[in-house]
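[1] sequence below, structure please.
(2 chains)
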Amino acid sequence: QGVVTQEPSLTVSPGGTVTLTCASSTGTVTSGHYPYWFQQKPGQAPRTLIYATSNKHSWTPARFSGSLLGGKAALTLSGAQPEDEADYYCLLSYSGIYVFGTGTKVTVL
Amino acid sequence: EVQLVESGGGLVQPGGSLRLSCAASGFTFSDHYMDWVRQAPGKGLEWVGRTKNKVNSYITLYAASVRGRFTISRDDSNNSLYLQMNSLKTEDTAVYYCVRLSLVQELNNYYYMDVWGKGTTVTVSS
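    Below you'll find the predicted structure:
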């Protein structure tokens, strides 16, 4: 399996747009890695935002979207809200063995 | 209401064993795959392993860091998931989460992680 790397931290202004990325040490991230994105707030369990690259859960706000971008998986937050301040983790599948990314702390400021 | 409740965490010495449980309610447990995910204090998430359902032969998969030491099992008659942890190391100290996976038929029968429990804390220390 690979090592999965994310930006350690990103800052976005309220109402602004930010893109988080998820890179694999083995090369290009593809739909075959079934990329996930999870949100975790302090003291809470994670919750699933995006699965299989771009599919949203029923509770995922419309301002979140997933894609493949420049050989990486990407999570774009458009129109950031104060409640979006959290840690975000991606997850990739390597033939059924899963590896989480290093996580990105998003600050809305 | 769909619910996953983990239990069995606690303090254990290095080299010891512990069995975690996850009680599921509010859904047909036997239809779903189930995962364990852990998070060391102040650190990121780590996937521990998976059990598939009966239709998929209860196949289990493990992260390299726990393979050979941890065993995932399930009891569909009791709506319960288990994680048997042996030969515990200090680096196994973490909050352990139970996660449900649901079928997405439109994605070629892909199962995705949708519901998380609140976690149970395991501390490995002398």
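[2] quick one: contacts for B:Lys43?
    By C-beta atoms under 8 Å, 6 or more residues apart in numbering or on different chains, the contact set of B:Lys43 is B:Ala94. The C-beta positions use only the backbone N, C-alpha and C, and glycine is treated the same way.
[3] model confidence for residue 99, exactly?
    Let's take chain A. At A:Val99, the model reports a pLDDT of 97.
[4] look at chain B instead
    In this model, B:Val99 carries a pLDDT of 98.
[5] got the buried residues for the strand or helix carrying it?
    Using DSSP states H and E, B:Val99 sits in strand B:94-104. Residues of strand B:94-104 classed as buried: B:Ala94, B:Val95, B:Tyr96, B:Tyr97, B:Cys98, B:Val99, B:Arg100, B:Leu101, B:Ser102 (neighbour count, 16 or more other C-beta atoms under 10 Å in any protein chain shown).
[6] chain B contacts on chain A?
    A:1, A:34, A:36, A:38, A:40, A:45-48, A:51-52, A:55, A:57, A:89, A:91, A:96-103 (C-beta under 8 Å from any C-beta of the partner chain).
[7] now, of those residues, which are buried?
    By 16+ other C-beta under 10 Å, the residues of chain A next to chain B give A:1, A:34, A:36, A:38, A:40, A:45-48, A:51-52, A:55, A:57, A:89, A:91, A:97-103 as buried.
[8] is the residue nearest the centre of chain B in a bridge, and if so with what?
    Central residue of chain B (C-alpha atoms, centre = their mean): B:Trp36, 2.4 Å from the mean position. Using DSSP bridges, the bridge partners assigned to B:Trp36 are B:Gly49, B:Cys98.
[9] return the residues in contact with it.
    B:Leu20, B:Val48, B:Gly49, B:Arg50, B:Ile72, B:Leu81, B:Leu83, B:Tyr96, B:Tyr97, B:Cys98, B:Val99.
[10] at 10 Å instead, please
    Listed by C-beta atoms under 10 Å, 6 or more residues apart in numbering or on different chains, the contact set of B:Trp36 reads B:6, B:20, B:22, B:46-51, B:62-63, B:66, B:70, B:72, B:81-83, B:85, B:96-99, B:117.
[11] likewise for A:Gln44?
    So A:Gln44 contacts A:Ala86, B:Trp116, B:Lys118, B:Gly119 (C-beta under 10 Å, 6+ apart).
[12] can you turn the buried part of the residues you listed into a ChimeraX selection?
    Remark: buried members of these, expressed as a ChimeraX selection using 16+ other C-beta under 10 Å:
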select /A:86 /B:116,119
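[13] you'd agree B:Val124 is up against B:Asn86?
    No - in terms of C-beta atoms under 10 Å, B:Val124 does not count as a neighbour of B:Asn86; the distance is 11.7 Å.
[14] okay, and the common contacts of these two?
    B:Gly15, B:Gly16, B:Leu18.
[15] buried only: go through the residues you listed for me.
    Using 16+ other C-beta under 10 Å, the buried ones in the shared contacts of B:Val124 and B:Asn86 are B:Leu18.
[16] keep only those of the shared contacts of B:Val124 and B:Asn86 that are in strands.
    Applying DSSP state E to these, the entries found in strands are B:Leu18.
[17] any idea which of the shared contacts of B:Val124 and B:Asn86 is closest to chain A?
    B:Leu18 (20.0 Å; C-beta to the nearest C-beta).
[18] hang on, isn't that closest one packed against B:Arg69?
    No - contact between B:Leu18 and B:Arg69 fails when scored by C-beta under 10 Å: they sit 11.3 Å apart.
[19] what touches both of these two?
    B:Gln84, B:Met85, B:Asn86, B:Leu88, B:Asp92.
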